[in-house]
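**Q** turn this into a structure:
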Amino acid sequence: MAKYIYELTLKVRDYECDLQGIVNNANYQHYLEHTRHEFLASVGGDFAALHQQGIDPVVARINMAFKTPLKSGDEFVSRLYLKKEGIKYVFYQDIFRKADEKVVVKGVVEAVCVVNGRLSTSDLFDSLLSQYLDNEQ
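**A** Here you go, the predicted structure:
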């Protein structure tokens, strides 16, 4: 069982659905990104402030497995935990339909830091996430 460190509840909006009445696949990437951004904000990670210091966390790779579609009006919970592998921050993100906790999407997002225009580690970013990176997942 995953040890989630953050969760965010959201609701599907009509315009996120395609002609089949289900959420278009591209919108799940938005849900995952919004969850990561809200998580980072909750630990003091202000993207504008980081950028002004020359630190830009960026996505390097995303893998998503679609399990169950969401429909307009569905509420869902987006959960995450993370690990650090070398210079990569690996976010394990799962989305569950709130009504029945059915798995909707399983995602793995690899992010790296670009510091002053160069791929690098960031002590500041590491310190923001340290309490979560030290835990065994």
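**Q** helix or strand for the residue nearest the centre of the chain, which one?
**A** Using Cα atoms, centre = their mean, the residue of the chain that lies closest to the mean C-alpha position is Arg36, 3.6 Å off. Secondary-structure assignment from DSSP states H and E places Arg36 in helix 25-42.
**Q** quick check: next helix or strand after that helix?
**A** Following helix 25-42 in sequence order, the next helix or strand is helix 47-52 (DSSP H and E).
**Q** ok now that next one, how far from the chain's centre?
**A** Relative to its chain's centre, helix 47-52 lies at 18 Å (Cα atoms, centre = their mean, to the nearest Å).
**Q** likewise stretch 89-96?
**A** In terms of Cα atoms, centre = their mean, the centre of stretch 89-96 is set 6 Å apart from its chain centre.
**Q** same check on stretch 38-55?
**A** Relative to the chain's own centre, stretch 38-55 is displaced by 14 Å; criterion: Cα atoms, centre = their mean.
**Q** may I see the buried residues of it?
**A** Of the residues in stretch 38-55, those buried under the neighbour-count criterion (16 or more other Cβ atoms under 10 Å) are 38-40, 45, 50, 55. Yep, even glycine has a C-beta here, placed from its N, CA and C like the rest.
**Q** what does stretch 92-102 give?
**A** Counting neighbours by 16+ other Cβ under 10 Å, stretch 92-102 gives 92-98 as buried.
**Q** then stretch 61-80?
**A** Judged by neighbour count (16+ other Cβ under 10 Å), stretch 61-80 contains these buried residues: 62, 64, 69-70, 74, 76-80.
**Q** average model confidence for it?
**A** Predicted confidence along stretch 61-80 averages 98 (mean pLDDT).
**Q** got the end-to-end distance for that stretch?
**A** In terms of Cα to Cα, to the nearest Å, the two terminal residues of stretch 61-80 are separated by 16 Å.
**Q** kindly report the same for stretch 82-95.
**A** When the termini of stretch 82-95 are compared using Cα to Cα, they are 15 Å apart.
**Q** what residues of that stretch count as buried?
**A** Using 16+ other Cβ under 10 Å, the residues of stretch 82-95 that count as buried are 82, 89-95.
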